[in-house]
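Participant: pasting the structure only:
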């Protein structure tokens, strides 16, 4: 299987490492020998139809900041659209940064790949939050597979759980704690009795928060994940416009204290029932969904099996890369099934 | 698909109800129209090659205690071995009571079904705990499918999660709270500060405990579930003889109090790592595995995705019946794949 990687930040690099480390295991357990034939980052690209030396490329990326600086095969300024046309690949792994306002650059990358007949595996929530129904249709029209396990729960197979383990049941509702950064901040407020600003600074210091924390603390990341689950697991054709969103900026130390007196924590909760909403809510300490720190947890309410909660680390480069690999193997299996 | 039901207690009756209630849904969503052509309970059986009227049979069972009393089709004293030979079915649903000392009557029922070429779906942990490696081999030899989702976690798809969602990862270790009755008892001791005997009586009063509570409180139920997971999810050929087992009878009110002072609960924990063991352990309140009441929770440690916890109701007739249905649909899918 020939892979084109677009976006080469934490997740992209972890995926390359994973492939490099697990080559023997992938051949022996799954009979698959994936080759990365091209990688494009924001400043350039590198192409080798025979399969790139991933360790070499990773070293250049770390040292020089772009894969475009790779020996004789690097192409400074190579653009994704060109790479998609030029490189002969079956699957594009798209892991550019999430932008939930425009969906770019992921949206254009994915559309271009579909039109060239490439299957796409993405970890980018932006395009999905804004246009999942349209993208799913476009993939179908171009007869390609489109998978995105890593967009919800990092490495924790939350979408797979809903899709594969509950396929014979009816999912009636979903509720979840889906953003590690907000959860870390609220945890800090509870543990140290501090106000929001102080806890936010701690999250920044520990590297849990972006320069612009809005995606996390204003609820857009959580809302994007709801949109993905509603489409993929419940057959609803919705986008970010259909979610009522309220973040955690107005949560006070006093709110957190009052909740604690009731044996509860204030959490940023995303819910899908008749409507979709994201807002701070109190969650009982004895609820398995009441996870701490940067963990994620999702509770599915299904008609026959009742309530089920899946909890795990919600982010992390290697964890998310393992979700990409899961999707690659799924593409392979679907192709084999025909 | 033609089904023979063997065992017609809570789970068996719930499964018949589920089929009866979901007939239209099963046809429209899954293109399947399962017919129950025979049911055998401990006192007799009922057979109809055209498909039994399940509501009628359920009414007779409730009123007269055995399906053998059903109008002209009931056969008092019908034995399972006879039914397996006589009834033309593709799948046997085996839900007789669990016995972890002998595995009977499930063990003989399952072996007889395999020999007649029937696929088997069971919710009975006894035969699996004692002889899963041998049974799996016998099923393979007879080219039939053998599934048992409902044996771990009731309706919560714990085995499916491990098998379907972590298939591309490596499961390194499993830890879980797998017995609702013990968990309820320990919870009571924590909440009311009472001793074990008092809490056990409460469990009995609320119908959570069997007349002989040994299977639950001495850890054999948990150990059986470990054996099933070790075989099915980690490829180990082990039986109950390989598990170190210690129950909760010796847990004192003081143990529970001391744990609480450390922010922890005493739980009956089953673990699979290099070895397998069941014993009372302290679990941190903030751990998503620290479930309350009759819930179950299992934490998988996998090489790439990290730690994932699945929690849900661990028992219940309708929940477990939904696991049987899941398996039936899986058999159908596997047959279609050929």
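Facilitator: That came in fine, so what should we check first? Quick caveat, the model's predicted, so the values are computed rather than measured. Numbering: from 1, shown residues only, chains lettered A, B, ... in the order given.

Participant: which residue ranges form the helices in the stretch 201-338 of chain A?
Facilitator: A:214-217, A:220-234, A:253-261, A:317-337 (DSSP state H, counting those that start in this stretch).

Participant: who are the packing partners of the first one?
Facilitator: By that I understand helix A:214-217. Judged by 3 or more C-beta pairs under 8 Å, 6 or more residues apart in numbering or on different chains; DSSP states H and E, helix A:214-217 is in contact with helix A:180-192. Placement of C-beta: from N, CA and C, glycine included.

Participant: need the pLDDT of residue A:303.
Facilitator: Note for residue A:303: predicted pLDDT of 88.

Participant: hmm, residue A:170 and it touching each other?
Facilitator: Yes: using C-beta atoms under 8 Å, residue A:303 is in contact with residue A:170, at 4.1 Å.

Participant: how much space between residue A:127 and residue A:238?
Facilitator: 15 Å (C-beta to C-beta, to the nearest Å).

Participant: more neighbours: which of those two?
Facilitator: Neighbour count, other C-beta atoms under 10 Å in any protein chain shown: between residue A:127 and residue A:238, residue A:127 has more, with 30 against 19.

Participant: would stretch A:150-164 count as contacting chain B?
Facilitator: Yes: contact of stretch A:150-164 with chain B (C-beta under 8 Å from any C-beta of the partner chain) involves A:154, A:155, A:156, A:157, A:160, A:161, A:164.

Participant: wait, isn't the fourth one in contact with residue B:163?
Facilitator: No: assessed by C-beta under 8 Å, residue A:157 is found out of contact with residue B:163, at 11.6 Å.

Participant: which of those two has more residues huddled nearby?
Facilitator: In this view residue A:157 and residue B:163 are compared by other C-beta under 10 Å, and residue A:157 has more residues nearby, 30 against 17.

Participant: quick one: average pLDDT of stretch A:91-108?
Facilitator: 96.

Participant: which other helices and strands contact the helix or strand encompassing residue A:63?
Facilitator: According to DSSP states H and E, residue A:63 maps onto helix A:54-64. On a contact count with 3+ C-beta pairs under 8 Å, 6+ apart, helix A:54-64 meets helix A:10-30, strand A:35-41.

Participant: name the helices or strands packed onto the following helix or strand past it?
Facilitator: Downstream of helix A:54-64, the next assigned helix or strand under DSSP H and E is strand A:74-76. Packing partners of strand A:74-76 (3+ C-beta pairs under 8 Å, 6+ apart): strand A:44-47.

Participant: elements contacting the strand it packs on?
Facilitator: Using 3+ C-beta pairs under 8 Å, 6+ apart: strand A:44-47 touches strand A:35-41, strand A:74-76, helix A:80-86.

Participant: what does the stretch 101-250 of chain A put close to chain B?
Facilitator: So far as C-beta under 8 Å from any C-beta goes, the stretch 101-250 of chain A lies against chain B at A:154, A:155, A:156, A:157, A:160, A:161, A:164, A:165, A:166, A:168, A:169.

Participant: need the three-state assignment for the last one.
Facilitator: When you say that, I think you mean residue A:169. Classification of residue A:169 using DSSP: H, G, I helix; E, B strand; the rest coil returns coil.
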